[in-house]
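Novice: Have a look at this prediction, sequence included:
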Amino acid sequence: MKFVNRFISTIICIITVTCVYAQKPDVDQLLKNAIYETNISRDYPKAIKIANSALAISPDYLDVHLILGRLYMLTQRYDEARNQLQWVINKDPSQLDALNYLINIESETKNWQQAIHYIDQALKYSDSKVLIFKKAGFLEADKQYRNAYLLLEPLLEKSSQDSSILKTYLSLRMQAAKTAIQLQNWHDARKELTAVLDKNPGNEEALTQLYDIETASKNYDSALSYADQGLKYYPESVNFLFRKTATLASMNRPFEAYALAKVLTARYPDHLEGRKLLSDLYGISRKNRIGVSYDYTFFDQDGVKPWHYGSIYYIREGKFGSVSGKINAANRGFAGGRGYQFELDSYPKHGKSYSFINVAYSNAIIFPKLRVAYSYFTGLSKSWEGELALRYIHANKLNFISYGGSIGKYLGSYWLNFRPFFTSDQGNTGKSFTFTTRKYLTRENYYTLILGTGSSPDDRSRDLLFSSRYDLNSYRGSLGFQHLLGQTTLIGLLGTVNNQELAPGKWRNEFDFFINLQRKF
């Protein structure tokens, strides 16, 4: 009986093995048929049916799962494709075809993070440049620009002459810069854009973006350097030519700006912004000016005649500053109260700073015999300007020295300035404080408001009285404007009320009306 049982078991085993080995060739053939229908006939439904038949016979056949996953991908049945392909990489994590199919599916469905996950898995088994480029592309699509270009840096170091790598790398850094600009993160924007220029010094977009950032930050020296760099690589570029012209104008270099604006409009006569800039610069760039001014002062005190103060002057402006000569005439309304004063002004430039120098002389008793003034101005950070000032007045055989200065700032279209002066003589100390604000409509059109207290050594209409007033109180306010008529004529009006202490307990009001006319040529 035992022999019979063993014999039957052996027969069953032989039959089972024979059947299994008989089935294997059938599954292989089904796989071949599925591949044929996929690649040659492109009959995907038929190929899917064949592949499923093969899996019914051999459920663990990895290649059948792989072809079926691909077929589901081709027919956009992505969830079923994922199931098949995930089964494959669970069995064989290094199966690059399955990983590539999964990468393509996640890319097609814009699941960038998942696509990156599968690429990272594939990169464990392959250092393919194609895979690295794909990952950089997915990082870019996911707006991870910095991670994307950092991924390409090792490739760029190995293949510095590969133009495709460099082009993609620079594009990613430009995208990172644009994102930083949108967030107003100027530090990161500059970092990305200068990195682009390190690799490609003539990159027009990077130069333009850096120029715009520096202009918006009022870093005009840096902006000008980027415009010059742009013109070095693109000598005929209207973009950089216009930007350089505008920057020179903003840097208060009107003569250079005007000369360049003429070149711009000659080359590109249809460039409307260039033509407008040329027109705006015409008046500003005139090197010569002549002018007349008149100041009329009257009082609320009986028996005091009005004062008259007039000037004619000439100004010459140049690259290194300006110089002017002036003749002043005054009539104070009393016997012998007429006379002339001769005055020289200069505003020399030195680097980013400039000075003010003034000397005035007169033999008439209604003017100080000698007045000398000096100020040093320098730009500070964030549109601030500082001044240190020294004034000397010799009048009525007395000498007065005043120390002071000012601090000023631009806030949008407003200019604000605060100026104190301190004068000490024979134990007495005089002080004055002046606050000035201007609202600019254009460079040469503005409204002004001035508030002050004390006698300022810069008050030209009252400088004869400085020796008797410097330590007395006064309160004054002024309103006025300046307006450009056409391109070359300026008119300015200013009205002032000064509440002046004449002696302890004695006050009077002084009313000034000032007009100034100036012609440029």
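Specialist: On my side now, so go ahead.
Novice: my read: Lys520 touches Tyr314, true?
Specialist: No - applying Cβ atoms under 8 Å as the test, Lys520 and Tyr314 come out as separate, 11.6 Å apart. Backbone N, C-alpha and C define where each C-beta goes, glycine included.
Novice: for the chain, which residue is closest to the average position?
Specialist: By Cα atoms, centre = their mean, the chain has its centre lying nearest to Ile213, at 2.2 Å.
Novice: Name the surrounding residues that touch the strand or helix carrying that residue.
Specialist: Element membership of Ile213, judged by DSSP states H and E, is helix 204-216. With Cβ atoms under 8 Å, 6 or more residues apart in numbering as the contact definition, helix 204-216 has outside contacts at 174, 177-178, 181, 186, 189-190, 193-194, 196-197, 200, 220, 222-223, 226-227, 229-230, 233-234, 237, 239-240, 243, 246-247, 250.
Novice: what about the strands in the stretch 101-250 of the chain?
Specialist: Counting by DSSP state E, counting those that start in this stretch, the stretch 101-250 of the chain has no strands to list.
Novice: Could you pull up the contacting residues of Phe334?
Specialist: By Cβ under 8 Å, 6+ apart, the residues touching Phe334 are Lys305.
Novice: So, low pLDDT: which residues of the stretch 51-200 of the chain?
Specialist: Residues of the stretch 51-200 of the chain meeting the criterion pLDDT under 70: none.
Novice: Past the helix or strand of the chain with the lowest mean pLDDT, which element shows up next along the chain?
Specialist: Ranking every helix and strand in the chain by mean pLDDT, DSSP states H and E puts helix 2-36 at the bottom, with a mean of 60. Counting by DSSP H and E, the next helix or strand C-terminal to helix 2-36 is helix 44-57.
Novice: tell me what that following helix is packed against?
Specialist: When contacts are defined as 3 or more Cβ pairs under 8 Å, 6 or more residues apart in numbering; DSSP states H and E, helix 44-57 packs onto helix 2-36, helix 62-74.
Novice: got the angle for that helix vs helix 62-74?
Specialist: Relative orientation of helix 44-57 versus helix 62-74 (axes from the mean of the first three to the mean of the last three Cα atoms, to 10 degrees): 150 degrees.
Novice: Look at the residue nearest to Val196 when sequence neighbours are not counted and report its pLDDT.
Specialist: Nearest non-adjacent residue to Val196, counting by Cβ to Cβ, 6 or more residues apart in numbering: Ala206, 4.2 Å away. In this model, Ala206 is scored at 97, pLDDT.
Novice: quick revisit: give me the buried stretch members for the helix holding Ile213, please.
Specialist: 206-211, 213-215 (16 or more other Cβ atoms under 10 Å).
Novice: now swap in stretch 190-200 and tell me
Specialist: So for stretch 190-200, counting by 16+ other Cβ under 10 Å, buried means 190, 192-193, 195-197, 200.
Novice: what does it contact?
Specialist: Outside stretch 190-200, the residues that touch it by Cβ under 8 Å, 6+ apart are 166, 169-170, 173-174, 176-177, 180, 203, 206-207, 209-210, 213, 229.
Novice: Apply 10 Å and report the result again.
Specialist: Stretch 190-200 has contacts (Cβ atoms under 10 Å, 6 or more residues apart in numbering) with 145-146, 149, 156, 160, 166-167, 169-181, 185, 203, 205-211, 213-214, 217, 222, 226, 229, 233.
Novice: Buried subset of the residues you listed as a ChimeraX selection?
Specialist: Command for ChimeraX that selects the buried part of the contacts of stretch 190-200, burial taken from 16+ other Cβ under 10 Å:
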select :145,146,149,156,166,169,170,171,172,173,174,175,176,177,178,179,180,181,203,206,207,208,209,210,211,213,214,222,226,229
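Novice: what pairs with Leu370 across the strands?
Specialist: Tyr361, His394 (DSSP bridges).
Novice: Now do stretch 49-69: distance to the chain's middle.
Specialist: Counting by Cα atoms, centre = their mean, to the nearest Å, stretch 49-69 is centred 62 Å from the centre of its parent chain.
Novice: Quick check: closest non-adjacent residue to Leu411.
Specialist: Of all residues not flanking Leu411 in the chain, Ser383 sits nearest, at 7.7 Å (Cβ to Cβ, 6+ apart).
Novice: pLDDT score assigned to that neighbour?
Specialist: 83.
Novice: Quick check, it in contact with Tyr220.
Specialist: No - using Cβ atoms under 10 Å, Ser383 is not in contact with Tyr220, being 11.4 Å away.
Novice: Have a look at these two and say which one is more surrounded.
Specialist: Comparing Ser383 with Tyr220 by neighbour count (other Cβ atoms under 10 Å), the higher total belongs to Tyr220, at 18 against 14.
Novice: Pull the contacting residues for the residue nearest to the more buried one when sequence neighbours are not counted.
Specialist: Computed as Cβ to Cβ, 6+ apart, the closest residue to Tyr220 that is not its neighbour in sequence is Met251, at 4.7 Å. Applying Cβ under 10 Å, 6+ apart to Met251 gives the contacts 218, 220-221, 223-224, 257, 352.
Novice: Pull out the buried residues from those residues.
Specialist: Among those, those buried by neighbour count (16+ other Cβ under 10 Å) are 220, 223-224, 257.
Novice: Would you mind checking which of these is nearest to Phe320?
Specialist: Closest approach between the buried ones among the contacts of Met251 and Phe320, by Cβ to Cβ: Ala257, at 15.9 Å.
Novice: I'd like the distance between the closest one and Ser324.
Specialist: Distance of Ala257 to Ser324, computed by Cβ to Cβ, to the nearest Å: 22 Å.
Novice: And Leu231, by the same measure?
Specialist: 35 Å.
Novice: Kindly report the same for Thr215.
Specialist: Using Cβ to Cβ, one obtains 32 Å as the distance from Thr215 to Ser324.
Novice: before we move on, what about Pro254?
Specialist: 17 Å.
Novice: How many residues are close by the residue nearest to Ser474 when sequence neighbours are not counted?
Specialist: Leaving aside its sequence neighbours, Ser474 sits nearest to Gln500 (Cβ to Cβ, 6+ apart; 4.6 Å). Neighbour count of Gln500, defined by other Cβ under 10 Å: 20.
Novice: Backbone torsions only: list them for Gln500.
Specialist: When read as degrees, to the nearest 10, the backbone of Gln500 gives phi -110, psi 130.
Novice: show me what contacts it?
Specialist: 299, 301, 455, 462, 465, 469, 472-476, 506-510.
Novice: Is there a quick ChimeraX command that grabs whichever of those are buried?
Specialist: To isolate the buried members of these in ChimeraX, using 16+ other Cβ under 10 Å:
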select :299,455,462,465,469,472,474,476,510
